[in-house]
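J.: Below is the structure, and that's it, no one-letter string:
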DNA sequence: GGGCGTATAGTCCACATGGACTAGTCGAGG
DNA sequence: CCTCGACTAGTCCATGTGGACTATACGCCC
């Protein structure tokens, strides 16, 4: 086992592990499901990366092979299953990323997989995030003032300005999410996915 | 020269080229300047990546060596200068990325370097972006409805919800930016950087 | 004035990414 | 009936990334 497999997890690695919580799968099915669920909004999906990611997860013993089957003369399909360690890895990765405000891309993935944690946990972590964002907001404004005094031309600071606007929006949104979680307005707990694409795909496979 | 060096430019590559528009530099100075200007908000800066990036730019003939000097017994410092092609490459990369709504990270870099384009150009490209964002907004809402009908549990859609909130904020911000550009409320044109960290660093170097 | 931390300037290498490629299968149209 | 495109399933390799490392010089504090 590698040192600290969890911290080296890539966003795609996390999504793969999360998928496997729904049932055993072979890599190609992962690709299809991720695509069907528009995961490309979050991470870029290419065959090369996915297969490589899966083999890394395997080396790290976060997943294990549970059978190699072959249909006709097509390439073998190795089916993988989540190990106990893999199960924990998702949870601890998400817990680590939810409050972090650097790496926005990782955060989006963590948020999308947050339903793997329980409600109180998520509330706590998001409150932490809220505090960090707020602090950043302040530092931001200060930096802007300093920059202007230094004579940095205004057009260079446009990106800064945008970031502030988005930061503001995220704070508002976070507020409302935390409230919805806290008042139990929003249902929570491991997703059931009844009737979802995953289950339809399984049925389709079973029919063949 | 490689095929299509421009489209293969990495965000860091662009920032390096943009830096060189301010004057010739050796790689280590780039690192210092980028750090001083908080470029880490936009891209991750490590020595390995920067030196590698510079050597790629060199291979692609976007920059050229203009002298190797050595101070005492320290490692050599190779100073680089922007070529004509490099000059064009920044501009065309920024033009390409400004209207694109996938790759948000690239967009932030493009926006930060937008002052290398002229005002009317930027307005046009941002209007294009606005249209794409708007269309995305619509598709987004549709996807959400479809997902709910499919029985996808609500907690899985939280990330979707956030994205919509941010999209909304970006649209508002873009509106106001375009207006400020159009009414010439915002100064524009290549940044002067009088009195900035770059010039102070140069003076400091000259004094030694 | 000897040692310790930090700044300067850069190299190296393990690991990650993504586009191109292989190779078999299936269905539909001319 | 045959061939053309699309799908299934996966491999390969060139390119990119980032943390660890090297090695010298400088300041400064006891």
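T.: Looks like it arrived, so ask away. Quick caveat, the model's predicted, so the values are computed rather than measured. Residues are numbered from 1 along each chain as shown, chains lettered A, B, ... in the order given.
J.: from memory residue A:106 sits against residue A:9, does it?
T.: No. Contact criterion Cβ atoms under 8 Å: residue A:106 and residue A:9 do not qualify, at 9.7 Å. Backbone N, C-alpha and C define where each C-beta goes, glycine included.
J.: Settle it for me: which of these two has more neighbours?
T.: More crowded of residue A:106 and residue A:9, by other Cβ atoms under 10 Å in any protein chain shown: residue A:9, with 25 against 21.
J.: Give me the neighbour count for the residue in chain A that DNA strand C sits nearest to.
T.: Scanning chain A for proximity to DNA strand C using Cβ to the nearest atom of the strand identifies residue A:48 as nearest, at 1.9 Å. For residue A:48, the count of nearby residues is 7 (other Cβ under 10 Å).
J.: check contacts around residue A:66.
T.: Contacts of residue A:66 were listed using Cβ atoms under 8 Å, 6 or more residues apart in numbering or on different chains, and they are A:24, A:79, A:80, A:81.
J.: My read is that the first one contacts residue A:77, right?
T.: No. If you go by Cβ under 8 Å, residue A:24 and residue A:77 don't touch, sitting 11.1 Å apart.
J.: which residues of chain A fall in helices?
T.: A:11-20, A:27-36, A:47-59, A:84-97, A:104-112, A:119-150, A:158-182, A:197-207 (DSSP state H).
J.: what helices or strands is the second one leaning on?
T.: Applying 3 or more Cβ pairs under 8 Å, 6 or more residues apart in numbering or on different chains; DSSP states H and E, one finds that helix A:27-36 makes contact with helix A:11-20, helix A:47-59, strand A:77-82, helix A:197-207.
J.: can it be found next to DNA strand D?
T.: Yes. Counting by Cβ under 7 Å from any atom of the strand, DNA strand D is contacted by helix A:27-36 at A:27, A:28, A:29, A:32.
J.: any chance of those in TSV, plus pLDDT?
T.: Below are the residues of helix A:27-36 next to DNA strand D laid out as TSV (pLDDT from 0 to 100):
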residue	pLDDT
A:27	94
A:28	93
A:29	94
A:32	94
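J.: So for the residue in chain A that DNA strand D sits nearest to, what's the pLDDT?
T.: Using Cβ to the nearest atom of the strand, the closest approach of chain A to DNA strand D is made by residue A:48 at 3.2 Å. Note for residue A:48: predicted pLDDT of 94.
J.: for residue A:141, same thing?
T.: For residue A:141, the predicted pLDDT is 82.
J.: Give me the nearest residue to it, chain neighbours excluded.
T.: Spatial nearest neighbour of residue A:141, excluding adjacent residues (Cβ to Cβ, 6 or more residues apart in numbering or on different chains): residue A:164 at 7.5 Å.
J.: residue ranges with poor pLDDT in chain A?
T.: Within chain A, the stretches with pLDDT under 70 are A:1-4, A:69-75, A:150-151, A:191-208.
J.: How is it partitioned into domains?
T.: The record's domain parsing of chain A by automatic domain parsing lists A:3-113, A:118-182.
J.: Point out the most buried one among the helices of chain A.
T.: Mean neighbour count, computed with mean count of other Cβ atoms under 10 Å in any protein chain shown, is highest for helix A:11-20 among the helices of chain A, reaching a mean of 24.
J.: So that helix, near chain B or not?
T.: No. On the criterion Cβ under 8 Å from any Cβ of the partner chain, helix A:11-20 is out of touch with chain B, staying 10.4 Å away.
J.: Just list what that helix packs against, helices and strands only.
T.: Helix A:11-20 packs on helix A:27-36, helix A:47-59, strand A:63-69, strand A:77-82, helix A:84-97, helix A:104-112, going by 3+ Cβ pairs under 8 Å, 6+ apart.
J.: circling back: so who does the residue of chain A closest to DNA strand D touch?
T.: Residue A:48 touches nothing, counting by Cβ under 8 Å, 6+ apart.
J.: Can you give me the end-to-end span of stretch A:112-125?
T.: Stretch A:112-125 stretches 14 Å from its first residue to its last (Cα to Cα, to the nearest Å).
J.: Residue B:132 is nearest to which of the helices and strands packed on helix A:27-36?
T.: In terms of Cβ to Cβ, the element of those nearest to residue B:132 is helix A:11-20, at 24.1 Å.
J.: From chain B, how far out is the residue sitting nearest the centre point of chain A?
T.: Taking Cα atoms, centre = their mean as the criterion, residue A:109 is the residue nearest the geometric centre of chain A, at 2.1 Å. Distance, residue A:109 to chain B, by Cβ to the nearest Cβ, to the nearest Å: 8 Å.
J.: Report the separation between the closest residue to that residue other than its chain neighbours and residue A:103.
T.: Leaving aside its sequence neighbours, residue A:109 sits nearest to residue A:11 (Cβ to Cβ, 6+ apart; 4.4 Å). The gap separating residue A:11 from residue A:103 is 9 Å, by Cβ to Cβ, to the nearest Å.
J.: now do residue A:117
T.: Taking Cβ to Cβ, one finds residue A:117 at 18 Å from residue A:103.
J.: that older thread, is it true that the residue nearest to residue A:141 touches residue A:139?
T.: No. Under the criterion of Cβ under 8 Å, residue A:164 is not in contact with residue A:139, lying 11.1 Å apart.
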